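Provided below for reference: sequence and predicted model.
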Amino acid sequence: MNLFDLHCDTLYKSVTQNLPLDDKSMQVSRITDKGSKRLQCYAIWIPDDYTPEKAEEIFYSAYKKLSDECKRLNIKLIGQNERISKCFKNNKYSALFTIENSTALNGKIENVKKFARLGVKIITLTWNASNAVGDGADVTNSQGITDFGKSVVQEMEHNGIVVDVSHASDKLFFDVAEIATQPFIATHSNSRSVTNHRRNLTNEQFKIIKERNGIVGINFHRDFLSDNPDSASKYDLLKHIDKFLSLGGENTVCIGTDFDGCNLPDDITGSESLAEIYEMLLKHNYKECIIRKIFYENALNFFENFDNSRIM
C-alpha cells in the first residue's frame with residue numbers, strides 16, 4: 001500500500017516537545033508494507049498567537065530538526081530541484097517540508113525564495129485567524145487577501161511553491177482563485193455539503209480546484225468528518241470521498257490526514273489505521289485503481305505536472 005500524505009503536524013510536535021520524529025507518541029509512523037512506498041508532507045504549523053518573528057524562528061528550527069531526523073532515520077528529504085515523482089520511485093520513505101500559516105514569512109517577501117531553496121514545496125496561506133497575507137476560516141466579515149498576500153502568491157508561483165487554501169476564509173479562497181495563474185490545492189479539507197463546517201470546502205470551491213487541476217486531501221479530524229464529531233468514524237471518510245467523486249474528483253481526491261494535529265475518530269489511531277481504511281474502500285466496492293489514485297497517484301501526478309509546467 002503506497003501513500004502520499006499531503007499534511008501532518010508531527011514536525012511541530014517534534015520541535016516544540018523536543019521529541020524524535022519517530023517517537024512512539026506520534027500518530028505518523030514509518031509503518032509500510034513490504035515493497036510499499038510513502039511520501040509524507042511534514043508541515044511546520046505556526047499557531048495564530050505567534051509573533052511573525054517567533055514564527056520565522058520556529059521555521060528554521062523545524063528545518064534543522066527535519067533535516068537531522070531524516071538523516072538519522074534514513075528518510076529522503078526532498079530538495080528544491082529534485083523531482084518528487086523520482087524521489088517517490090527511488091526511496092521507500094520520502095519527506096516533503098511544508099508550512100502551515102504564512103506568518104512564517106515574517107512579512108518578508110524575500111523569504112519565499114529563501115524557503116523554496118530549503119525545499120519548501122507547499123505553504124498554507126493562513127491558519128484560522130488573520131495574518132499579513134489574508135484572513136483565515138474563523139474570521140467573520142473577511143476582507144480576503146491583502147496586497148502583500150497578492151505578492152506572496154505571485155512569488156510562490158514564481159519559485160515553485162504550491163498555494164494551499166486549507167484554513168482560508170471563503171473570501172480569501174475566491175481571491176486566490178481570481179489571481180492564481182498556477183493550480184492551487186487544499187491539503188487537508190473535506191466537503192462542507194457533508195459536514196457543515198467552515199473549514200470544509202463548498203461544492204463550488206472543490207470544483208474550482210478540480211477545474212484548475214489542483215488536488216484536495218481528505219482530513220481525518222473528527223470535527224470535519226461529521227456534524228456529530230463524538231460519533232465520527234472511519235466510515236465518515238467514505239461520505240466525503242463519495243461526495244468529491246460525485247463532483248468529478250476522481251483525479252483530485254487525495255489523503256491529507258492531519259495526523260498529530262487533530263482529534264481523530266475513535267477507530268483511527270494513526271498510520272497503522274491506513275491499511276484498514278484501504279481495505280474499507282475495497283469492501284465498499286471502490287475499484288483498486290481509484291483507491292491507488294486517492295492514496296498516492298493523484299498527488300504524484302499533480303506535482304509532476306506542476307514541475308513540468310514550470311520547466312516548460
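Yep, that arrived.

Tell me who's in contact with Arg222.
Counting by CB atoms under 8 Å, 6 or more residues apart in numbering, Arg222 makes contact with 229-230, 232, 262-265. Glycine gets a C-beta too; all of them are placed from N, C-alpha and C.

again, only using 10 Å
195, 228-233, 236, 262-266, 268 (CB atoms under 10 Å, 6 or more residues apart in numbering).

go on, Lys287?
Contacts of Lys287 (CB under 10 Å, 6+ apart): 281, 293.

and it, what pLDDT?
Looking at Lys287, its pLDDT is 97.

what does Ala299 give?
On the pLDDT scale, Ala299 is placed at 98.

Equivalent analysis for the one 5 residues further on, please.
If you check Glu304, the pLDDT there is 95.

Give me the neighbour count for it.
Glu304 is flanked by 15 other residues according to other CB atoms under 10 Å.

try Ser231
11.

Need the three-state assignment for the closest residue to Ile185 other than its chain neighbours.
Computed as CB to CB, 6 or more residues apart in numbering, the closest residue to Ile185 that is not its neighbour in sequence is Gly214, at 4.5 Å. Classification of Gly214 by DSSP: H, G, I helix; E, B strand; the rest coil places it in coil.

Give the buried residues for the helix or strand of the chain with the lowest mean pLDDT.
In the chain, no helix or strand scores lower on mean pLDDT, DSSP states H and E than helix 298-311, which sits at a mean of 84. Neighbour counts over helix 298-311 (16 or more other CB atoms under 10 Å) mark 298-303, 306-307 as buried.

same check, this time on stretch 233-252
Buried-residue list, stretch 233-252, by 16+ other CB under 10 Å: 234, 236-241, 243-244, 247, 249, 252.

Just the mean pLDDT for it, thanks.
For stretch 233-252, the per-residue pLDDT averages 98.

At which residues are the helices of the chain located?
Shown for the chain, the helices assigned by DSSP state H span residues 10-16, 52-73, 84-90, 110-117, 147-158, 170-179, 203-211, 222-225, 235-246, 274-283, 288-292, 298-311.

And those: which comes nearest Gly256?
helix 298-311 (9.1 Å; CB to CB).

Kindly calculate the angle that the closest one makes with helix 147-158.
90 degrees (axes from the mean of the first three to the mean of the last three CA atoms, to 10 degrees).

helices or strands up against helix 298-311?
Helix 298-311 is packed against strand 3-5, strand 38-45, helix 84-90, helix 147-158, strand 162-164, strand 216-218, strand 253-255, with contacts defined by 3 or more CB pairs under 10 Å, 6 or more residues apart in numbering; DSSP states H and E.

Mind doing that once more with 7 Å?
In terms of contacts (3 or more CB pairs under 7 Å, 6 or more residues apart in numbering; DSSP states H and E), helix 298-311 is packed against helix 84-90, strand 253-255.

what's in contact with the last one?
Spelled out, it's strand 253-255. 3-6, 215-218, 241, 244-245, 294-295, 298-299 (CB atoms under 7 Å, 6 or more residues apart in numbering).

what do you get for stretch 36-55?
1-12, 28, 32, 58-59, 62, 66, 88, 92-101, 103-104, 106-107, 122, 127-129, 261.

end to end, how far does stretch 229-238 reach?
Stretch 229-238 has an end-to-end distance of 15 Å (criterion: CA to CA, to the nearest Å).

Now do stretch 214-226: distance to the chain's middle.
Here the centre of stretch 214-226 is set off from its chain's centre by 10 Å, with CA atoms, centre = their mean, to the nearest Å.

returning to that earlier point: can you tell me which of the contacts of Arg222 are classed as buried?
Counted by 16+ other CB under 10 Å, the contacts of Arg222 give 195, 229, 232, 236, 262, 264-265, 268 as buried.

and those as CSV, adding distance to Leu77?
Shown next, in CSV, are the buried ones among the contacts of Arg222 (distance: CB to CB, whole Å):
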residue, distance to Leu77
Thr195, 34
Pro229, 34
Ala232, 33
Asp236, 33
Cys262, 24
Leu264, 26
Pro265, 31
Ile268, 27
